[in-house]
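[1] any chance you could fold what I've pasted below:
(2 chains, ligands or ions: 3)
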Amino acid sequence: MLSKLKVPLEKQKVMPVNGDEAVAYAVKQCLVDVVAAYPITPQTIIVERFSEFVANGEVKTQYVPVESEHSAMSACIGAAAAGARAFTSTSSQGLALMWENLYIASGFRLPIVMAVVNRALSAPINIHCDHSDAYGMRDSGWIQLFVENSQEAYDTTIQAFKIAENPEVQLPVAVNLDGFFLSHTLENVYMLPEEEVHEFLGGYRKPVKTYIDYLNREVEYKLDPASPLSIGPLDLYDYYFEHKMPQVEAMKRAGDVVRGVNEEWYELTGRSYGDGVIDSYAVEDADAVIVVLGSSAGTMKYVASVMRRKGFKVGVVRLRMFRPFPFNEVKDLLKGVKAVGVMDRGLSFGSYGPLYLEINTALYYSRERPLLVNYIYGLGGRDLSPAMAEEVFIDLINTAKLGEVKEYLKFIGVRS
Amino acid sequence: MVYGVEEVSGVSSGNPQPEIGPIECEYGRDYNLPLEFNLRKLAETRKPILLPGHRLCAGCGAAIVVKLIGYALRGPAVIANATGCVEVATTIFPYTSWAIPWIHVAFENAAAVASGIEAAYKALQETGRLPFKNIDVIALAGDGGTYDIGIQALSGMAERGHKVLYVLYDNEAYMNTGIQRSGGTPMFAWTTTSPVGSVIPGKTQPKKPIADIMVAHRIPYVATATPAHWADLFRKVRRGLEANGPAFLHVLSSCNRGWRHGLEIAIEISKRAVDTCYFPLWEYKLGEGYYLTDRSLQIARNPKLKQPIEKYLELQERYRHILRPEGRELLKQFQEYIDAVWQDLLNRAVNAPE
Ligand SMILES: Cc1ncc(C[n+]2csc(CCOP(=O)(O)OP(=O)(O)O)c2C)c(N)n1
Ligand code: SF4
Ligand SMILES: [Mg+2]
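    Numbering: from 1, shown residues only, chains lettered A, B, ... in the order given. Ligands and ions are numbered 1, 2, ... in the order given. Next comes the predicted model:
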């Protein structure tokens, strides 16, 4: 099989890098025209490495060292609207500062790619990993992908441009990687020769064409003096709603594109991540299944494999794609499972974890609805140890045995 | 950052030559349009960048300012507009009044958006993908979007040295949201958030010296202008576009709704703003210093031309309270403030008489 790969492993270069560097190297290979970014732990290494590539003339990218994340996203919007391929990266407070612009980037249908190195939100201030930042942007119209390791961070960053720029999609993509657990942890990462990445992406970005009535012709969607578009007009109750519908439709199509790109990547590199949308482990005959995002999936899978050997029928579902949310796939996958535990590294105060709410929605229409428990874990970077993971599985197995849920919302690894 | 002589980014230094596309651009592919001062010829040969049909109020200064800027373009240009009256009133979907590429993203980030556009064109040019010799990037924002919420992005753009002409149309309040005070609102002016009460007489703080703040950034070109002194404005727009780096143009832009004056006196009011030295006309060139221009230079040479501040204030209801007899003390303070700022400028101006 491997010999059929377009770029067999021996032609890929192994680099010992951390997650941030994996992203920076990926961006370096993607013919990105403009990078506008601002440092924040744990994302900083991305901008540092990338500035080095620029300083050494290794890329032709225009690097805009903006004075804030608000301006980072603004500059990316300006650049992408001018027809450029644009990238930024941030974490936590930086992402929060971008907030209004996130909606504008997706509303303008600009295929910007952003690495989000997940970190808890203040207060209290904390630099370590949780998913509160990513959850905060879940309604902003961005495609949100979560990776499990640095190899996947590299692979997904490249894929993200292809997904975002697909004419059927034309939406910004956020690639989420766990702060410190991935961003600052060394791993051997296989990288492609640069030409292969260029070919995979089809070269530089090509803006899509669209018919503009006041110009009475089809033009590229960009700021071009030869076809003067007005981008970002005031749009009131007579049109705004209609203008939101294509975003809804594009999101519907995105899942298939993510899956397609995952497949293409497999043919190119020999690596794939489940079907691109969901990456599951030992779910088929499982009685108790954990659903999780990001690097904790590694721990959960490891513990599941140990428990399987002891005879427990447990499995893990790692969602690689959080937006658009794969409701139908989740519903089908969890059919017949006795108890499902949703692990959220973040929560909506006064409610549940955002992932739990989605899974709940997915399962509502299922006739064989599993019991459902929400486990909040790892806030502010609190480690999820294998022992804690095992506890979660045991709790879930007991719930399955009991046949009812006593407590829907549980907090894991927190002192009382 | 050091700025040398004019050199359009990327065109020199053996970069790949851009392919010229098949579709005609109104402004050509080059950046060599002559600066035309013959109004008839101008009207016959140049299409305005702002076409009829926009919904700015009758008599709005900003509409005149935008049109005048368009007449001074040297070639293809794009505009990044901040949220505000101009943005809202020129584009209500499904219509647009803009004849050149235009983008509006948000309120506080016109300078950052313009930075991104400029960076994008540079990248396209350096890789042979820009079918123009140059595209000028203009940021356009009101006083709210400049003095207040947008100053960070503006300062960042200036510090990083983006080749962008930033145009501030200053109507001295947040007009789009209904006349609230801004850092650009002058002292004692009435606004809906600096109302004239029985204790507080309108805004108590003076206007922030935004153009001097931009001079302090040591960017290549900073200037002030009004729509009444249109030839002066033309020249300044052109110099701003030709500057090899960021340029800042501060244009006074009367608002009859907020300043409370008649619909037909936008130009007269602009004239009086300069005649009273409320709004002196000057330009700053890095390495040379401040130069008075047009009417302000005449006043410097012949101080008898300087009018008392009442001449400017009396046209505007927002100052009614300081023109009443009980406001005499405030009026005096206003005059003293204007005189001090004018004197300060005379001291600095390279071309002011000794
Ligand atoms: C972040 C944000 N805060 C507030 C607003 C509301 N808002 C829109 S325009 C505006 C005032 C604009 O004032 P100015 O920049 O002076 O432009 P003008 O309308 O006077 O031309 C305000 C406060 C907004 N759109 N965005
Ligand atoms: S409110 Fe003032 S600035 Fe706004 S359009 Fe009307 S006159 Fe012009
Ligand atoms: Mg204003």
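[2] run through the helices of the chain in chain order.
    You didn't say which chain, so I picked chain A. A:19-28, A:44-55, A:69-81, A:92-97, A:99-107, A:132-136, A:150-165, A:194-201, A:240-269, A:296-309, A:327-333, A:354-364, A:386-402 (DSSP state H).
[3] chain B was what I was after
    Counting by DSSP H, the helices of chain B are B:39-45, B:61-71, B:85-90, B:110-126, B:151-160, B:210-215, B:230-242, B:256-259, B:266-275, B:294-301, B:310-313, B:320-323, B:328-348.
[4] check the offset of the longest one from the chain's centre.
    On the basis of CA atoms, centre = their mean, to the nearest Å, the separation between the geometric centre of helix B:328-348 and that of its chain is 23 Å.
[5] and that helix, what's buried?
    Using 16 or more other CB atoms under 10 Å in any protein chain shown as the test for burial, helix B:328-348 gives B:330-331, B:334, B:337-338, B:341-342, B:345-346, B:348. Where C-beta positions appear, they are placed from N, C-alpha and C, glycine not excepted.
[6] pLDDT wise, what is B:Met1 at?
    The score at B:Met1 is 38. That number is its pLDDT.
[7] meant to ask about A:Glu368
    For A:Glu368, the predicted pLDDT is 87.
[8] same deal with A:Val261?
    pLDDT at A:Val261 comes out at 98.
[9] repeat that for the one 4 residues further on.
    Residue-level confidence at A:Trp265 comes out at 98, pLDDT.
[10] for it, grab the count of nearby residues.
    A:Trp265 has 21 neighbours, counted by other CB atoms under 10 Å in any protein chain shown.
[11] over to A:Gln12?
    That count, for A:Gln12 with other CB under 10 Å as the rule, works out to 19.
[12] what sits closest to it if chain neighbours are left out?
    A:Tyr190 (4.2 Å; CB to CB, 6 or more residues apart in numbering or on different chains).
[13] gap between A:Glu196 and A:Ile158?
    Distance of A:Glu196 to A:Ile158, given as CB to CB, to the nearest Å: 10 Å.
[14] who's more crowded, those two?
    A:Ile158 (26 against 18).
[15] doesn't A:Gly94 make contact with A:Lys114?
    You called it Lys, but residue A:114 is Met. No. Contact criterion CB atoms under 8 Å: A:Met114 and A:Gly94 do not qualify, at 10.2 Å.
[16] quick one: which of those two has more around it?
    Neighbour count, other CB under 10 Å: between A:Met114 and A:Gly94, A:Met114 has more, with 29 against 25.
[17] can you give me the pLDDT of residue 32?
    I went with chain A, as the question did not name one. A:Val32 carries a pLDDT value of 98.
[18] that was the other one, I meant chain B.
    With respect to pLDDT, B:Asn32 has a value of 93.
[19] do B:Glu314 as well
    98.
[20] please tell me how far whatever residue of the stretch 201-350 of chain A ends up closest to ligand 1 sits from ligand 3.
    Going by CB to the nearest ligand atom, ligand 1 is nearest to A:Leu234 of the stretch 201-350 of chain A, at 10.7 Å. According to CB to the ion, to the nearest Å, A:Leu234 and ligand 3 sit 16 Å apart.
[21] dump the residue contacts of that residue.
    Applying CB atoms under 8 Å, 6 or more residues apart in numbering or on different chains to A:Leu234 gives the contacts B:87-88, B:91-93.
[22] coming back round to it: mind listing the residues bridging to the residue nearest to A:Gln12?
    Counting by DSSP bridges, A:Tyr190 is bridged to A:Val14.
[23] coming back round to it: ok, and the most crowded of the contacts of A:Leu234?
    B:Glu87 (26 neighbours).
[24] residues contacting that residue?
    Contacts for B:Glu87 (CB under 8 Å, 6+ apart) come out as A:234, B:81, B:104, B:176.
[25] ok, now how distant is it from B:Val113?
    Relative to B:Val113, B:Glu87 is positioned 12 Å away (CB to CB).
[26] repeat for B:Val274
    With CB to CB as the criterion, B:Val274 and B:Val113 are 31 Å apart.
[27] now do B:Ala63
    Distance from B:Ala63 to B:Val113, by CB to CB: 22 Å.
[28] these two: who's more crowded?
    The residue with more neighbours, out of B:Ala63 and B:Val113, is B:Val113; 34 against 25, by other CB under 10 Å.
[29] count of residues packed around the closest residue to that one other than its chain neighbours?
    Leaving aside its sequence neighbours, B:Val113 sits nearest to A:Gly78 (CB to CB, 6+ apart; 3.8 Å). Neighbours of A:Gly78 under the rule other CB under 10 Å: 36.
[30] contacting residues for B:Ala352?
    B:292, B:300, B:345-346.
[31] closest one of those to A:Ser140?
    B:Leu345 (46.9 Å; CB to CB).
[32] from B:Gln335, how far out is the closest residue to the closest one other than its chain neighbours?
    Distances taken as CB to CB, 6+ apart place B:Pro280 nearest to B:Leu345, at 5.6 Å, with adjacent residues excluded. Relative to B:Gln335, B:Pro280 is positioned 15 Å away (CB to CB).
[33] again, but for B:Tyr278
    The gap separating B:Tyr278 from B:Gln335 is 10 Å, by CB to CB.
[34] find residues that contact each of the two.
    Residues touching both B:Tyr278 and B:Gln335 (CB under 8 Å, 6+ apart): B:Ile309.
[35] nearest to ligand 3: which residue in chain B?
    B:Gly142 (3.6 Å; CB to the ion).
[36] neighbours of that residue, how many?
    B:Gly142, neighbours per other CB under 10 Å, totals 32.
[37] for the most centrally placed residue in chain A, what are its contacts?
    Compute the mean C-alpha point of chain A, and by CA atoms, centre = their mean the closest residue is A:Leu145, 1.8 Å away. Neighbouring residues of A:Leu145 by CB under 8 Å, 6+ apart: A:156, A:160, A:173-176, A:258, A:320-322.
[38] those, buried ones only, as a ChimeraX selection?
    Buried residues among those (16+ other CB under 10 Å), as a ChimeraX selection:
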select /A:156,160,173,174,175,176,258,320,321,322
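[39] just send the contacts of A:Leu145 back as JSON lines, with pLDDT and distance to A:Arg205 too.
    Output for those, formatted as JSON lines (pLDDT from 0 to 100; distance: CB to CB, whole Å):
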{"residue": "A:Thr156", "pLDDT": "99", "distance to A:Arg205": "18"}
{"residue": "A:Ala160", "pLDDT": "99", "distance to A:Arg205": "13"}
{"residue": "A:Val173", "pLDDT": "99", "distance to A:Arg205": "13"}
{"residue": "A:Ala174", "pLDDT": "99", "distance to A:Arg205": "18"}
{"residue": "A:Val175", "pLDDT": "99", "distance to A:Arg205": "17"}
{"residue": "A:Asn176", "pLDDT": "99", "distance to A:Arg205": "22"}
{"residue": "A:Val258", "pLDDT": "98", "distance to A:Arg205": "19"}
{"residue": "A:Arg320", "pLDDT": "98", "distance to A:Arg205": "24"}
{"residue": "A:Met321", "pLDDT": "98", "distance to A:Arg205": "22"}
{"residue": "A:Phe322", "pLDDT": "98", "distance to A:Arg205": "25"}
